[in-house]
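>>> got a structure for you, letters missing:
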């Protein structure tokens, strides 16, 4: 794959990221509305968890939108259609879940779904806080981050995203929703390979970090 030195201005970086900014802003508004509607009804344990989950998702997507607007310019990026397509598919293909019909969940199933979604969302918020202005969807090198969740795995954002995806998939028709969730998680692996390729090229310290840090599951 071709390694390109990034030479565009911040204005171009914002313009090229406009679809991502709009997507995250709309998602944040949607979850804010969901949380507000849930607060109008009777709030039991399941309802409280649902409100927390929706509020957490609002924070997560708002955080992404803000970071895209304020992030550092990349030092290098991985050129070619395949790395970019891989990243976009991994990021957005799982959203086809919303095209499936919802299903009625038992109390244990509903609780498990919301807990997975909430845990994944909170983990994602914490990870984004450490990733900060280095956040990117496409394989680009902005700054090497090895603190916080990155001390334990090289790709914590995808680990927590997978947890959230499994939690959401439980709410839709089976087995197709679970198949989509698993496929969405597997799509992250070529995306991770491309990201690591550009990080190895840009940051000499990444070789040592990679050798001593699990890829996506702590201890493995």
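Nice, I can see it. These figures come from a predicted structure and were not determined experimentally. Numbers count the residues shown, from 1 in each chain.

>>> who touches the spatially most central residue of the chain in this structure?
The centre of the chain sits closest to residue 161, judged by CA atoms, centre = their mean, with a distance of 5.0 Å. Residue 161 makes contacts with 120, 124, 188, as judged by CB atoms under 8 Å, 6 or more residues apart in numbering. No exception for glycine: its C-beta is placed from N, CA and C like everyone else's.

>>> Can you give me the distance of the second one to residue 159?
Distance, residue 124 to residue 159, using CB to CB, to the nearest Å: 9 Å.

>>> So between those two, which is more surrounded?
More neighbours surround residue 124 than the other of residue 124 and residue 159, with 27 against 23 (other CB atoms under 10 Å).

>>> residues contacting the residue lying closest to residue 65 once chain neighbours are set aside?
Closest residue to residue 65 apart from its sequence neighbours, by CB to CB, 6 or more residues apart in numbering: residue 24 at 3.9 Å. By CB under 8 Å, 6+ apart, the residues touching residue 24 are 61, 62, 64, 65, 68.

>>> Just the element for the residue nearest to the centre of the chain, please.
When elements are assigned from DSSP states H and E, residue 161 belongs to helix 156-169.

>>> list the helices and strands the helix or strand following that helix packs on?
Per DSSP H and E, the first helix or strand lying C-terminal to helix 156-169 is helix 176-186. Counting contacts by 3 or more CB pairs under 8 Å, 6 or more residues apart in numbering; DSSP states H and E, helix 176-186 packs against helix 156-169.

>>> so residue 127 makes contact with residue 151?
No. With contact defined as CB atoms under 8 Å, residue 127 does not count as touching residue 151 (11.4 Å).

>>> Among the two, which residue is more densely surrounded?
residue 127 (23 against 12).

>>> What mean pLDDT does the helix holding residue 161 get?
Model confidence over helix 156-169 averages 94 on the pLDDT scale.

>>> Would you reformat the contacts of residue 161 as TSV and include secondary structure and pLDDT?
Written out in TSV, the entries for these read as follows (DSSP: H, G, I helix; E, B strand; the rest coil; pLDDT from 0 to 100):
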residue	secondary structure	pLDDT
120	helix	95
124	helix	96
188	helix	95
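
>>> Perfect, I'm done here.
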